[in-house]
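Trainee: Test case, fold it:
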Amino acid sequence: MPDRRVLVVEDEPLLRSQLCASLTELWPDVGEIVEAENGAAAMRLIGEALPAIAFLDINLPDMSGMDIAEVLRGRCAVVFVTAYSEYAVAAFEQHALDYVLKPATPRRLGDTVARLKARVADRGSAQAPAISAELLAELARQLQPKSAHLQWISASIGNSTELIPVADVLCFNADDKYTEVITAGGETLIRKSIRELLDELPDDQFWQVHRGTIVRVAAIERVVRSEAGHLELRLRGSGRSFVVSRTFAHRFKQM
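Mentor: Below you'll find the model as predicted:
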């Protein structure tokens, strides 16, 4: 049997113990399970022997699980362990990355173990889907704690400055060097980028639907499929439509 050393990185002792016990029960012949309570301990263990599978907690006291995943990228199967809500783990699902939510229930962990076993049967090792450095950086950005949410948008109009309440905004849409702020009353241009806005807007109220477009969820009136097969959004209070890119189409699979 090939060596399938498993690394479990979790800073909460009880959760770490439960995860290891469940793994042993669900996959008795998986191989040696080694534990790390923080990133430094994980790096030492990786230096001693590369694991075949790594269960990585996202939030650790000394570093992010994303940092460890970057070191292991392409070298072993990675399963992310997270306490984040469903909207955040959609990013993992979108890229077919394995994850389990805390606390890891035997049923959910069993699904992950079944996928890992299938990979071993197909390839002789639990090889993971490719994870790019860009993807890890984007996941880290999405999962990083947010600062206070933006309340007002400052827009320069001639020699004056207009303050637009974020509560009035239907959509932000990138336009060359500027970003359109679209409200029921019209459009205004600002210099703040879509990436900057994503860090300042509440995730449960605004969704990114395209590389250059963020919409207010409550303003979505209809989601239609065009003749070309693309999803398009129609917003209340605006006569415009916005295309949903494939990257963000998963947000509307239940609609």
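Trainee: Tell me how far the residue nearest to Pro13 when sequence neighbours are not counted lies from Leu60.
Mentor: Spatially, and ignoring its direct neighbours in sequence, Pro13 is nearest to Glu37 (7.2 Å; CB to CB, 6 or more residues apart in numbering). For every residue, glycine as well, the C-beta is placed using N, CA and C. For Glu37, the distance to Leu60 equals 9 Å [CB to CB, to the nearest Å].
Trainee: Which one's more surrounded, those two?
Mentor: Comparing Glu37 with Leu60 by other CB atoms under 10 Å, the one with more neighbours is Leu60, at 22 against 18.
Trainee: how about that one, what does it touch?
Mentor: Contacts were defined as CB atoms under 8 Å, 6 or more residues apart in numbering; by that measure Leu60 touches Val9, Asp11, Asn38, Gly39.
Trainee: quick one, phi/psi of Ser238?
Mentor: phi -140, psi 140 (degrees, to the nearest 10).
Trainee: mind checking which helix or strand the closest residue to it other than its chain neighbours is in?
Mentor: In space, and not counting its chain neighbours, Ser238 is closest to Leu170: 5.3 Å by CB to CB, 6+ apart. Assigned by DSSP states H and E, Leu170 belongs to strand 169-175.
Trainee: Might you list the low-confidence residue ranges for the stretch 1-150 of the chain?
Mentor: For the stretch 1-150 of the chain, the stretches with pLDDT under 70 are 1-3, 84-96, 122-130, 141-148.
Trainee: coming back round to it: name the residues contacting each of Glu37 and Leu60.
Mentor: What both Glu37 and Leu60 touch, as defined by CB under 8 Å, 6+ apart, is the set Val9, Asp11.
Trainee: re earlier: quick one, what contacts the residue nearest to Pro13?
Mentor: Glu37 neighbours (CB under 8 Å, 6+ apart): Val9, Glu10, Asp11, Pro13, Arg16.
Trainee: neighbour-wise, which of those residues leads?
Mentor: Highest neighbour count within the contacts of Glu37, by other CB under 10 Å: Val9, with 28 neighbours.
Trainee: That residue and Thr82, how far apart?
Mentor: In terms of CB to CB, Val9 sits 12 Å off from Thr82.
Trainee: joint contacts of these two?
Mentor: Counting by CB under 8 Å, 6+ apart, the shared contacts of Val9 and Thr82 are Asp57.
Trainee: can you give me phi and psi for Leu201?
Mentor: phi -100, psi 150.
Trainee: Now that we're looking at it, what pLDDT does it have?
Mentor: Reported pLDDT at Leu201 in the predicted model: 91.
Trainee: how close does it get to Glu227?
Mentor: Relative to Glu227, and taking CB to CB, Leu201 is found at 32 Å.
Trainee: Which one's more surrounded, those two?
Mentor: Set Leu201 next to Glu227 and count neighbours by other CB under 10 Å: Leu201 wins out with 20 against 5.
Trainee: Could you provide the contacts of Leu60 in TSV, with additional columns for secondary structure?
Mentor: Formatted as TSV, those follow (DSSP: H, G, I helix; E, B strand; the rest coil):
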residue	secondary structure
Val9	strand
Asp11	coil
Asn38	coil
Gly39	helix
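Trainee: And the residues you listed, which two are furthest apart?
Mentor: Distance extremes for these: the farthest pair is Asp11 and Gly39 at 9.1 Å, using CB to CB.
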